[in-house]
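Peer 1: what follows is a protein structure lacking sequence information:
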């Protein structure tokens, strides 16, 4: 997503919203969906998304309130 934000920023001056999912989904035998990307790995891309021009950062499939809270903490530090 960080690289995509950079490409979009080169093409527009409009605000860019980046809402990445938490990796590839898989279905367990119990019927529960799990995503392949761990929280810390997910968070590691947040600074690059803002550096590449994202104005708003959010989360999509596989993210939860903990992701959003941690994302806010990362953004406050940058």
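Peer 2: Here it is on my side, so go on. Remember, it's a predicted structure, so these values are computed and weren't measured experimentally.
Peer 1: for the residue positioned nearest the centre of the chain, what are its contacts?
Peer 2: Nearest residue to the geometric centre of the chain (CA atoms, centre = their mean): residue 20, 3.6 Å. Residues in contact with residue 20 (CB atoms under 8 Å, 6 or more residues apart in numbering) are 1, 42, 45, 49, 59-60. C-beta here means a position set from N, CA and C on the backbone, and glycine is covered the same way.
Peer 1: can we see that at 10 Å?
Peer 2: Shown in contact with residue 20 (CB atoms under 10 Å, 6 or more residues apart in numbering): 1-2, 4-5, 37, 42, 45-46, 49, 54, 57-63, 67.
Peer 1: could you do residue 54 as well?
Peer 2: So residue 54 contacts 1-2, 4-6, 8-9, 15-20, 46, 48 (CB under 10 Å, 6+ apart).
Peer 1: show me which of the contacts of residue 20 are buried.
Peer 2: 1-2, 5, 37, 42, 45-46, 49, 54, 57, 59, 62-63, 67 (16 or more other CB atoms under 10 Å).
Peer 1: which one of those is nearest to residue 78?
Peer 2: Taking CB to CB as the measure, residue 78 lies nearest residue 46 of these, at 7.8 Å.
Peer 1: my understanding was that that closest one contacts residue 70; is that so?
Peer 2: Yes - in this structure residue 46 lies within contact range of residue 70 using CB atoms under 10 Å: 8.8 Å.
Peer 1: what about the helices in the protein?
Peer 2: For the chain, the helices defined by DSSP state H cover 2-11, 39-44, 46-51, 65-77.
Peer 1: most packed of those helices?
Peer 2: Highest mean neighbour count of the helices of the chain: helix 46-51, a mean of 18 (counted as mean count of other CB atoms under 10 Å).
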